[in-house]
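In: return atomic coordinates for the entry below.
(one chain, ligands or ions: 1)
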Amino acid sequence: MSESGALPRRLDYRRAAFDQAAYGGEIALSALPRIRAVCVADSCGDDKVSVAIGFKEDGQRRVIVEGQASVTLALACQRCLEATPVAVDTAIRGMAVANDEAAADVPRDWEPMLADGQLLDLYSLVDDELLLALPITVVCDRADCEHAFSRDKEQGEAVHDSAAASQDKTNPFAALAALKASDGDKTN
Ligand SMILES: [Zn+2]
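Out: Residues are numbered from 1 along each chain as shown. This is a model prediction of the structure:
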């Protein structure tokens with residue numbers, strides 16, 4: 001690969017492959033709308049994604065795109081919904097193609113990366129790759145959260161065993177009402 005250049009937003013991917021160009025740099029999260037949309041807060045995550053990306057041709061002059069993107073994102077814990085830092089470090093590996101027809105010719109174990117004519121949008125590419133790399137479940141390690149989960153899990157399993165069984169369970173809203181009533185007693 002040639003010397004690393006600053007990361008452009010879009011580039012002529014055929015030319016980049018011919019030049020065996022490589023780029024490195026950072027992209028502001030605010031410039032990645034799809035990944036930005038899944039983040040709950042900036043407080044525990046990075047505001048920039050580190051990206052390294054290189055281009056080359058294979059024996060059939062297809063354009064191979066390889067690289068890496070890494071960032072710590074603030075995602076919602078699925079148990080308690082609190083912002084949770086999640087490190088995402090993903091390999092980028094695919095073939096840049098000009099249209100759907102060319103995408104159909106990409107070998108099965110390669111990911112087609114659709115360009116807009118000659119221009120490949122690297123920001124959009126990184127946005128997509130990070131989305132694909134997100135963990136299926138996000139769970140924080142706070143003690144409060146674990147307690148809540150082990151309670152939920154017991155109740156959840158009982159409910160799943162039999163739908164009828166759930167009718168025998170204490171109504172959570174009734175429990176809440178009881179809690180509120182006792183609070184009221186204290187303040188009065
Ligand atoms: Zn949690």
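In: quick one: strands adjacent to the helix or strand containing residue 85?
Out: Assigned by DSSP states H and E, residue 85 belongs to strand 83-97. Sheet pairing for strand 83-97, assigned by DSSP bridges, gives strand 63-76 (antiparallel), strand 111-114 (parallel).
In: for those, give me a markdown table that also has mean pLDDT.
Out: Putting those into a markdown table (pLDDT from 0 to 100) gives the following:
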| stretch | mean pLDDT |
| --- | --- |
| strand 63-76 | 97 |
| strand 111-114 | 94 |
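In: pick the most buried one from these.
Out: Mean neighbours per residue, mean count of other CB atoms under 10 Å, is largest over these for strand 63-76, with a mean of 20. No exception for glycine: its C-beta is placed from N, CA and C like everyone else's.
In: any bit of that one sitting next to the ion?
Out: No - judged by CB under 5 Å from the ion, strand 63-76 makes no contact with the ion; its nearest approach is 8.6 Å.
In: hey, C-alpha coordinates of that strand in CSV?
Out: Only the C-alpha atoms of strand 63-76 are listed here, as CSV (Å, rounded to 0.1, in the frame of the first residue of the first chain):
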residue,chain,number,x,y,z
VAL,A,63,-11.8,-3.5,-6.3
ILE,A,64,-11.0,-4.9,-2.8
VAL,A,65,-11.7,-2.7,0.2
GLU,A,66,-10.1,-3.7,3.5
GLY,A,67,-9.8,-1.8,6.7
GLN,A,68,-10.8,-1.4,10.3
ALA,A,69,-13.2,0.9,12.2
SER,A,70,-13.3,1.3,15.9
VAL,A,71,-15.3,3.4,18.4
THR,A,72,-16.8,3.2,21.8
LEU,A,73,-20.6,3.8,21.5
ALA,A,74,-23.1,4.7,24.2
LEU,A,75,-25.8,2.1,23.8
ALA,A,76,-28.9,1.4,25.9
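In: run the chain-centre distance for that strand.
Out: Remark: strand 63-76 is offset 9 Å from the chain centroid, using CA atoms, centre = their mean, to the nearest Å.
In: okay, the strands paired with strand 83-97 in JSON lines with distance to residue 131 next?
Out: Formatted as JSON lines, the strands paired with strand 83-97 follow (distance: least, CB to CB, whole Å):
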{"stretch": "strand 63-76", "distance to residue 131": "11"}
{"stretch": "strand 111-114", "distance to residue 131": "13"}
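In: quick one: closest of those strands to residue 30.
Out: strand 63-76 (12.5 Å; CB to CB).
In: thank you kindly, that will do.
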